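Colleague: I'll drop the sequence and a predicted model, then ask my questions.
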Amino acid sequence: MAKVELKHLDAFDNRGFIKCESTSTKDFVVQDVPVKKENYLRLLGYDVHSGNDFIIDLDISTAIKFAKTLRTEINKAKGEDQNG
């Protein structure tokens, strides 16, 4: 099996990136309390400006809303490009 890692690179500096993983909380514990099993999306990235790695965990319903918001913002940006 091929080992491939997909990263979305920063528009201005290719050292910055964001990538997405699907994962589960099956073995996740917060302050000694087990968390119910739930699938979620993990966004990992590197911010060139601060020099920091970051992780954002989204539950599935939040990830769906984020995807819709992202599509809306892309369409707005495309419209601004076409309108000058």
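Modeller: Sure thing, it's come through. Numbering: from 1, shown residues only.
Colleague: so what's L43 bridging to?
Modeller: Counting by DSSP bridges, L43 is bridged to C20, I56.
Colleague: so what's it up against?
Modeller: For L43, the contact set (Cβ atoms under 8 Å, 6 or more residues apart in numbering) comprises 18-20, 55-58. Every residue, glycine included, has its C-beta placed from N, CA and C.
Colleague: so how do I select the buried members of those in ChimeraX?
Modeller: Applying 16 or more other Cβ atoms under 10 Å to the contacts of L43, the buried members can be selected in ChimeraX as follows:
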select :58
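Colleague: would JSON lines of the contacts of L43 with pLDDT and distance to L70 be doable?
Modeller: Listed next are the contacts of L43 as JSON lines, based on pLDDT from 0 to 100; distance: Cβ to Cβ, whole Å:
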{"residue": "I18", "pLDDT": "94", "distance to L70": "11"}
{"residue": "K19", "pLDDT": "94", "distance to L70": "15"}
{"residue": "C20", "pLDDT": "91", "distance to L70": "12"}
{"residue": "I55", "pLDDT": "91", "distance to L70": "18"}
{"residue": "I56", "pLDDT": "91", "distance to L70": "13"}
{"residue": "D57", "pLDDT": "87", "distance to L70": "17"}
{"residue": "L58", "pLDDT": "90", "distance to L70": "12"}
